[in-house]
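*Asks:* structure for the following, please:
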Amino acid sequence: MKTQKFRLMPLSLAIATALSANSVIAQEKQLSEIETIQVTGIRSSLTESMDMKKNASSIQDSIVAEDIGKFPDQNVAESLQRISGVMISRTNGEGSKVTVRGMGPKFNAVKVNNRTIATTDRGREFDFQALPSELISGADVIKASRANISEGSLGAYINVNTARPLDNPGFSAVGSFDLIYNDLAEKYDPKGTAIISNTFLDDSFGVLIGLTKKTTTNRIDAAGTTHWSSFQADNTTVAPGPITNEAGTTITEGTIWYPGRATYTMDTEERERTSANLTLQWAQNDEIIHTFDMLYSDLSRQALSNGMQVPLQFSGWQDVIVSENMTALKATKSASPIDGLFQERGQDSDTLALGLNSIYLLDNWTLSTDISYSKATADPRGNTLVTNFVNNNVDQSVKPGDEGYQPDQHKGFIVGQDYIEFDSRHGDVIQIDSTIDYSDPASVRTHWNDIQHSQIEDEVLEAKFDANYELDDGFISSIDFGISYSDREKSQETYGVDGCGAIVSTCGNFLDLEDSLFSINDRSGFLNDVNGDFPRSFVLVNDINDYKEAIGAIRGEPNWTNEIIRPERSVANTEEILAAYGQVNLVGEFETFSWNGNIGLRYVDTTNSSSGHSIERISLIEKPIQDGGGLALEATYTEPAVIKVSTDYQKWLPSFNINMDFGEGFFIKAAAAKVISRPALEDTGVNKNYQQNPRAGDLATSGGNPYLNPYEANQFDTSFEYYDESGNAYSLGLFYKDITSFISTQTMNVDTGLVIEGWGSVYEAITQKSNRNGGTVSGFEIAGLHYFDYLPGWLSGFGIQANYTFTDSKDDDASEFDRPNVQSPGSGLEGFSENSYNIIGFYEIDGFQARAAYNWREGFLAYRSGPRIGSNGLPQHVDDYGQLDLSASYDINDSFTVSAEVINATDAHILEYADVRERVTKLQYSGRRYQIGVTARF
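*Replies:* Okay, here's the model as predicted:
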């Protein structure tokens, strides 16, 4: 009976395929009478993944859960990075977003059950931190496009499947409890999961309910530099000197690069994620099955950062030592106030996804309807509260001309003898020596306080109809066609306050704060794994709310943290997509091989609109009263005016895939397609960001560009694959992408017309995304899976999985870098690592499992022209990164399993630098994560 078919077939595959690949459903109809035997464990999971790769109708890789509630890693992104060509980015040590073959997160279409999920960032990039791995049954990374899957990826189409109750008829329940420990935060946190699945009515109706809650405490220690700039060696006003190289030779000319600020921060982050999943399935009769899905995730991430930043951007450089790259390695300069740096970062977000799918089997027809709705909200916050550290020994009651008055005392608790000395010759963290005591709460004075947050809302409505018609004979096995509609609206409202105060200004006036608001951190704990005599003991804020209350009292504004909307920074984007496709699925046989494939065409019509408020600057003048923080400017603007821009574009996207089976496990696959990735939503807005407190030399404006067209590429793939009867598998993949249209950040320095005596012309850096020519991406992947089951006894439980990816990129529009003492970043595209690899060793025997996974990614160019809070226009690079993860489990009996896991066992760290390795912009440690737990299955 066909009802029995639905009990036995892998429904997760059937439903996922019905949404986007009906040709595979047709194959399932032929195989439906084969009995499915449930096997668990590492080997069965890897073997099933290899079977899916082998039989896929295009080039893809897959990951399969070992059992319900048992995904290979605690994070879906960290599992995906085990696939060749896949790399991940991390947020505070946890995998968050994926890169495929060098194409970053914005180039990959991530779906859940083949549906678009609303996101909690301004862009389209999916954050895997919101998705609990315990509720996932598998994931597919499709690297070669087909007409019957949604467009939108230059990298890969990634589909994550949730568990289905009719895949496992009968009752099953899984419960787990884990303790998580971060060795930097030194705190234990709980995680609990419960999943119940059951079928009723002769296994024709199924219910699956999953719930997971996880609390995590993280600590992130970091040091770095920002606002990189330069001066001329012969400019004695800026640098009185002397200036020498490391050998002691005097330097009299040339451009010298230096960090504008040195930063030291210690973040403590509290995360709490609650997720729920509900799936209902009903095999209505022999020909019809319905599936309803609900996925909900509530994620809170709140971080408090304590730290300091040392201003090195002002004149007065003495005793300068430079490297052969003309980097200022050591110098002494007249002091200016050192900044206390207290920051609140994080957001509360929730994501809801609902979907209803129906499959109809009508003779040679397989029809599928799918409707889904997803909504996400988030309130990302970025408060920056800056104090000044001063020389607390200066008696401010002494006036000019009085006995005891010291030179430069009028600058505010800074005297002529005060100095700051920095030295970066002894490691990756700058050493600081100063007469300003940044570890004494009595030295703290008021300065600048920025309070701001955004309200982000994303809604996605999708409807799809897919059809597959099977032909009885001939080389055309079936025909797929379908239509889909998507309506998405994403909005951002931005709120903020005046950072200085309207009644009493806290900026540059050095107003005293109560010492009891602050304490001093433990000197031995900060960046404990890094050698050097850099600042380890600095002032911490005890209670951020008490600090805000104190600032309100000084400003005379007790409600100063009440934010007002910034209309010019707020924006709403809508996107309507109508798509239709046709695909012919082919099959044939020659003397030496059999083959199957598909050829198709997809048509996409996209309509975009962006609405918001626009303001224009009326005037820009030098501020009459300076605040001591640099040459301040005063700007006036027009009232916000409503603005709306609408655009549309149409694309035809052909594709071709072929899979040739030469027998005895040998396969060759080839594919070609035209693909697109749509611009990031945050880049297509009409909004603009103007500085609240602009300064000469630091004047900048950024904004969206609603006229952006999508990224476009023609891509070609070939894969050589071998599958042995023992389960061993090996593959070699070749890929080439010709990117015909690209989007990049362009910054223009525009003369504002303002000329300041002693300064000169004031320029404004205007930053915006724009379309341009692209480039090429090419490379190869090697992957292997090998079991040592031929070894005797206990040695037979060993196995290894490994892959290596080489990627070469060329930017057709890469301009020659003609800046003195700055190395050219080359012609490669941003974000591409040339080499990466993964090695996973595993062992499984008699209920015991162990796994050691090491992934490594070579350093890469992050920005050809880096952000101001970073390399400030210099090329910015990310250094090599390798991470080792360990896990083990033991089945006490059929019902209970104990497990242990170590994430980042070698305490790997992130390092970024500007132009050359000695110009470090970020060194960040997030520590090791340990986890122990117990799982019960019934």
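*Asks:* what's near enough to touch the closest residue to S439 other than its chain neighbours?
*Replies:* Excluding the flanking residues, the one nearest S439 by CB to CB, 6 or more residues apart in numbering is S537, at 4.7 Å. All C-beta spots, glycine's among them, are computed from the backbone N, C-alpha and C. Residues near S537 by CB atoms under 8 Å, 6 or more residues apart in numbering: S439, I520, N521, D522, R523, F526.
*Asks:* among the residues you listed, which are in strands?
*Replies:* With DSSP state E as the criterion, strands contain I520 from among the contacts of S537.
*Asks:* about what we covered before: relative to S926, how far out is the residue nearest to S439?
*Replies:* When distances are taken as CB to CB, to the nearest Å, S537 and S926 turn out to be 21 Å apart.
*Asks:* now swap in T740 and tell me
*Replies:* The spacing between T740 and S926, counted by CB to CB, is 39 Å.
*Asks:* again with Y495
*Replies:* From Y495 over to S926 the distance is 30 Å, taken as CB to CB.
*Asks:* helix/strand/coil for N562?
*Replies:* Per DSSP: H, G, I helix; E, B strand; the rest coil, the local secondary structure of N562 is coil.
*Asks:* and it, what are its phi and psi?
*Replies:* With angles defined as degrees, to the nearest 10, N562 sits at phi -70, psi 110.
*Asks:* number of nearby residues for it?
*Replies:* For N562, the count of nearby residues is 10 (other CB atoms under 10 Å).
*Asks:* show me what contacts it?
*Replies:* Shown here is N562, whose contacts under the criterion CB under 8 Å, 6+ apart are V497.
*Asks:* same thing with the one 3 residues further on?
*Replies:* Taking CB under 8 Å, 6+ apart as the criterion, I565 is in contact with E493, T494, Y495.
*Asks:* rewinding a little: confirm that the residue nearest to S439 sits in a helix.
*Replies:* No. Applying three-state DSSP, one finds S537 to be coil, outside a helix.
*Asks:* report pLDDT for it.
*Replies:* For S537, the pLDDT comes out at 90.
*Asks:* same thing with Q452?
*Replies:* pLDDT, the model's per-residue confidence, is 93 for Q452.
*Asks:* which SSE is immediately downstream of the top strand by length along the chain?
*Replies:* Among the elements of type strand in the chain, defined by DSSP E, the one spanning the most residues is strand 729-756. Next along the chain after strand 729-756, taking DSSP states H and E as the criterion, comes strand 760-772.
*Asks:* could I get the phi/psi values of the spatially most central residue of the chain?
*Replies:* For the chain, the residue whose C-alpha lies nearest the mean C-alpha position (CA atoms, centre = their mean) is K97; its distance is 4.3 Å. Per-residue torsions, K97: phi -140, psi 160 (degrees, to the nearest 10).
*Asks:* farthest residue from the center of this protein?
*Replies:* Largest separation from the mean C-alpha position in the chain: E403, at 59.0 Å (CA atoms, centre = their mean).
*Asks:* please report how far L620 lies from W448.
*Replies:* Taking CB to CB as the measure, L620 falls 20 Å from W448.
*Asks:* repeat for I289
*Replies:* For I289, the distance to W448 (CB to CB) stands at 61 Å.
*Asks:* picking up where we left off before, which one of the contacts of I565 has the most neighbours?
*Replies:* The contacts of I565, ranked by neighbours (other CB under 10 Å): first place T494, 20 neighbours.
*Asks:* report the beta-bridge partners for that one.
*Replies:* According to DSSP bridges, the partner residues bridging T494 are S454.
*Asks:* didn't it look like it was pressed against G612?
*Replies:* No. The pair T494 and G612 does not pass the contact test of CB atoms under 8 Å, sitting 10.1 Å apart.
*Asks:* put the alpha carbons of the helix or strand Q924 falls within into PDB.
*Replies:* Under the criterion DSSP H and E, the helix or strand holding Q924 is strand 920-925. Only the C-alpha atoms of strand 920-925 are listed here, as PDB (Å, rounded to 0.1, in the frame of the first residue of the first chain):
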ATOM      1  CA  VAL A 920      48.400  44.500  14.800                       C
ATOM      2  CA  THR A 921      44.800  45.800  14.900                       C
ATOM      3  CA  LYS A 922      43.200  43.000  17.000                       C
ATOM      4  CA  LEU A 923      44.400  40.200  19.200                       C
ATOM      5  CA  GLN A 924      41.400  38.300  20.700                       C
ATOM      6  CA  TYR A 925      41.100  35.400  23.100                       C
END
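*Asks:* contacts only, for D811.
*Replies:* Taking CB under 8 Å, 6+ apart, we find D811 in contact with G774, G775, S827, G828, L829, E830, R864.
*Asks:* put the buried members of those into a PyMOL selection.
*Replies:* Written as a PyMOL command, the selection of buried residues from the contacts of D811, which uses 16 or more other CB atoms under 10 Å, is:
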select buried, resi 774+775+828+829+830+864
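*Asks:* residues touching the biggest helix by length in the chain, excluding its own?
*Replies:* The single longest helix within the chain, with elements called by DSSP state H, is helix 42-55. When contacts are taken as CB under 8 Å, 6+ apart, the neighbours of helix 42-55 outside the stretch itself are 27, 60-66, 72, 140, 667, 721, 723, 727, 729, 731, 785, 787, 799, 801, 842, 844, 849, 851.
*Asks:* what subset of the residues you listed is buried?
*Replies:* Restricting those to buried positions leaves 27, 60-66, 72, 140, 667, 721, 723, 727, 729, 731, 785, 787, 799, 801, 842, 844, 849, 851, with burial counted as 16+ other CB under 10 Å.
*Asks:* which residues touch W228?
*Replies:* Residues in contact with W228, defined by CB under 8 Å, 6+ apart, are W257, Y258, P259, G260, G870, S871, N872, G873, L874, A914, R919, T921.
*Asks:* quick one: the last one from A276, how far?
*Replies:* Look at T921 and A276: by CB to CB, they are 40 Å apart.
*Asks:* which one of those two is surrounded by more residues?
*Replies:* T921 (27 against 17).
*Asks:* so the residue farthest from the centre of the chain, which of the three states?
*Replies:* coil.
*Asks:* shaky segments in the stretch 251-400 of the chain?
*Replies:* By pLDDT under 70, the weakly predicted segments of the stretch 251-400 of the chain are 396-397, 399-400.
*Asks:* before we move on, the earlier item: of the contacts of S537 - the most surrounded one?
*Replies:* Each of the contacts of S537 was scored for neighbours by other CB under 10 Å, and F526 scores highest at 22 neighbours.
*Asks:* where does the stretch 751-900 of the chain have low pLDDT?
*Replies:* 758, 815-817.
*Asks:* re earlier: now flag whichever of the contacts of I565 is closest to N893.
*Replies:* Distance from N893 was checked for each of those by CB to CB. The minimum falls on E493, at 54.8 Å.
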